[in-house]
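Q: Sequence and computational prediction follow.
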Amino acid sequence: MSERTNSAQKDKIIYAAEQLSPAMNDLALSLHQHPELSFAEHRSAAELIKPLREAGFSIETGTGGLETAFRASWKQGTGGPTIAFLAEYDALPELGHACGHNLIGTASVAAALALKAANVEFNGCIEVIGTPAEEDGGGKIIMVEKGVFDDVDAAMMFHPRERNMVLRGALACHDSTFKFFGKPAHAASAPQQGISALDAVIHTFNAINALRQFFTDDVRVHGIITHGGSAANIVPAYAEAKFILRAATVGGLSEVRRKVYAAVNGAAEMTGARVEIEEGLIYAERNNNLALAANFTDNLALLGVESYDPPKSGGVGSSDIGNVSQVTAAIHPYLRIGDVTPHTPEFAAAAGSAVGLRAMLTAAKALAMTAYDLCHDEAQLAAVKNEFTQWHTQKLLDGEKQ
């Protein structure tokens, strides 16, 4: 296909996305006005599914065993890759869509609809995979474990942010709850008869703080006391703390966990308390596929959008798309919606603003154009797949050496 023909096809995709824009804006704003928490996104999932079903996509609900997950599929031509746009749609307690998931989910739906409406020729399957509970529950992690992404050749989504970034990284992450059990006693008349579970929690914090100078620069450990007792004149028989541990890789995270757990067990032993450790899911580090990112960046440039990319190590947050990136080629680019910080009321407002909706439209166009490239250009698809295969092979070899 000539460059001129390719450009004409992308013009069709851009036009289709613009024609869909009013309906997609309404969808994004409806999600924004009706925020739902992780694993309870029933209304949001239904709203995202509706236009896909109306456009002729085949719909699967309950994907991966998650009630509010879904997969919408449309195949054109013969053979070709399966390209997935990932949709997020859960909100934050009290803050609503302060991470912009209303824009994320709608952009992925809009990208898929634009590709179908544009009537451009390619061979491949386009999917929108609805992934619930990114904020609290690791929906994608569960879906990866259930094999949802096993047949996906590339997965993409966009995320709103304060600047345009395509290659920002993310840390591996693991949360743990430490439950300490002591013995109650009157704190004034017979403290010697008690065992303070709260003291064990306090010693845990102190021990972890003492470890910080020995952590590598990529490590982050942060925690809160979720239960510290019920009355000041009772030696606390139960206390609880929740910590989030982060490191550059899952391998590095294992070493952090070993040190932190040793500190926790030491705190229990020195106070006489008993400890139970409740572990959450492990969020893997993000493996950005460079070939796929370059293609997305080129399509942003065609739309007149420039991207700033921090150093490869940039990014100290974590997301469950990291687990997706361990099993297939993936990118998670960011587009600017204002000078706002995620998980704040200001960001929630921006996610429902005209600026936010314009960024969503840009994302939908670039996502759709990138999927089109992979479905009609065998060389670009091969570059993406070969890079992932080489990365995955090296990862397996590195694991064998450890």
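A: Now that the structure is in, tell me what you want to look at. Numbers count the residues shown, from 1 in each chain.
Q: got a list of contacts for stretch 370-378?
A: 1, 6, 9-10, 13, 76, 80-81, 83, 85, 111, 115, 120-124, 126, 153-154, 156, 292, 295-296, 299, 380-381, 384 (C-beta atoms under 8 Å, 6 or more residues apart in numbering). C-beta here means a position set from N, CA and C on the backbone, and glycine is covered the same way.
Q: mind redoing it with 7 Å?
A: 1, 9-10, 13, 80-81, 83, 111, 115, 120, 122-124, 126, 154, 156, 295-296, 299, 380-381, 384 (C-beta atoms under 7 Å, 6 or more residues apart in numbering).
Q: Strands - which of those land there?
A: Taking DSSP state E, the ones among the contacts of stretch 370-378 that sit in strands are 83, 124, 126, 154, 156.
Q: For the third one, the count of nearby residues, please.
A: Taking other C-beta atoms under 10 Å as the criterion, the count of residues near I126 is 26.
Q: wait, what's in contact with it?
A: Remark: with contacts taken as C-beta under 7 Å, 6+ apart, I126 is in contact with 74, 83, 112, 115, 371.
Q: Among those, which one sits closest to I142?
A: Lowest distance from I142 to these (C-beta to C-beta) belongs to I83, with 21.8 Å.
Q: what's the closest non-adjacent residue to that closest one?
A: Beyond its immediate neighbours in the sequence, the residue positioned closest to I83 (C-beta to C-beta, 6 or more residues apart in numbering) is A371, lying 4.4 Å away.
Q: what comes up buried for the host helix or strand of the one you found?
A: Per DSSP states H and E: A371 is located in helix 354-376. Residues of helix 354-376 classed as buried: 356-357, 359-376 (neighbour count, 16 or more other C-beta atoms under 10 Å).
Q: Could you do stretch 105-124 as well?
A: Within stretch 105-124, the residues that qualify as buried by neighbour count (16+ other C-beta under 10 Å) are 105-118, 120, 122, 124.
Q: Surely G182 touches I234?
A: No: applying C-beta atoms under 7 Å as the test, G182 and I234 come out as separate, 10.6 Å apart.
Q: Looking at these two now, which is surrounded by more residues?
A: Neighbour count, other C-beta under 10 Å: between G182 and I234, G182 has more, with 23 against 15.
Q: dump the residue contacts of the more buried one.
A: For G182, the set of contacting residues under the criterion of C-beta under 7 Å, 6+ apart consists of 194-197, 235-237, 273.
Q: Which one (most neighbours) among these?
A: A197 (28 neighbours).
Q: can you pull out the helices in this structure?
A: With DSSP state H, the ranges of helices along the chain come out as 3-33, 42-54, 101-118, 139-145, 197-211, 250-271, 290-302, 321-324, 345-350, 354-376, 378-401.
Q: Now do stretch 383-399: everything it contacts.
A: In this structure, residues lying in contact with stretch 383-399 by C-beta under 7 Å, 6+ apart are 153-154, 287, 289-292, 328-329, 374.
Q: Neighbour-wise, which one of those residues leads?
A: Neighbours were tallied for each of the contacts of stretch 383-399 (criterion: other C-beta under 10 Å), and the maximum of 31 neighbours falls on A329.
Q: Next, count neighbours for E54.
A: Look at E54: counted by other C-beta under 10 Å, it has 9 neighbours.
Q: Tell me the spacing between it and L31.
A: Distance from E54 to L31, counting by C-beta to C-beta, to the nearest Å: 17 Å.
Q: Likewise for A172?
A: On the measure of C-beta to C-beta, A172 and L31 end up 29 Å apart.
Q: which of the two has more neighbours?
A: Here A172 and L31 are set side by side on neighbour count (other C-beta under 10 Å), and the busier one is L31, at 27 against 24.
Q: isn't that one right up against A46?
A: No: using C-beta under 7 Å, L31 makes no contact with A46, being 10.8 Å away.
Q: Which segments of this structure make up each domain?
A: The chain is divided into the following domains under the TED database: 3-170+285-399, 172-283.
Q: so of those domains, which one's packed in deepest?
A: The densest packing among the domains of the chain, expressed as mean neighbour count by mean count of other C-beta atoms under 10 Å, is seen in domain 3-170+285-399 with a mean of 20.
Q: Show me how far that domain is from its chain's centre.
A: Distance of domain 3-170+285-399 from its chain centroid, counting by C-alpha atoms, centre = their mean, to the nearest Å, is 10 Å.
Q: ditto for stretch 223-243
A: On the basis of C-alpha atoms, centre = their mean, stretch 223-243 is displaced by 31 Å from the centre of the chain it belongs to.
Q: and stretch 177-189, how far from the chain's centre?
A: Centre to centre, stretch against its chain (C-alpha atoms, centre = their mean), the figure for stretch 177-189 is 38 Å.
Q: Give me the residue ranges of the chain where confidence is low.
A: Scanning the chain with the threshold set as pLDDT under 70 gives 1-5, 310-314, 400-402.
Q: Grab the most central residue of it for me.
A: The geometric centre of the chain, computed from its C-alpha atoms, lies nearest to S319 (C-alpha atoms, centre = their mean), at 3.4 Å.
Q: quick one, what contacts that residue?
A: Counted by C-beta under 7 Å, 6+ apart, S319 has contacts 134, 170, 283, 286, 332.
Q: again with E346
A: Residues touching E346, when contacts are defined by C-beta under 7 Å, 6+ apart, comprise V340.
Q: Quick check: the gap between it and E162.
A: With distances defined as C-beta to C-beta, the gap from E346 to E162 amounts to 10 Å.
Q: What of N299?
A: If you go by C-beta to C-beta, the gap between N299 and E162 works out to 22 Å.
Q: List phi and psi for the nearest residue to D339 once chain neighbours are set aside.
A: Computed as C-beta to C-beta, 6+ apart, the closest residue to D339 that is not its neighbour in sequence is E162, at 5.8 Å. Dihedral pair for E162: phi -90, psi -10, per degrees, to the nearest 10.
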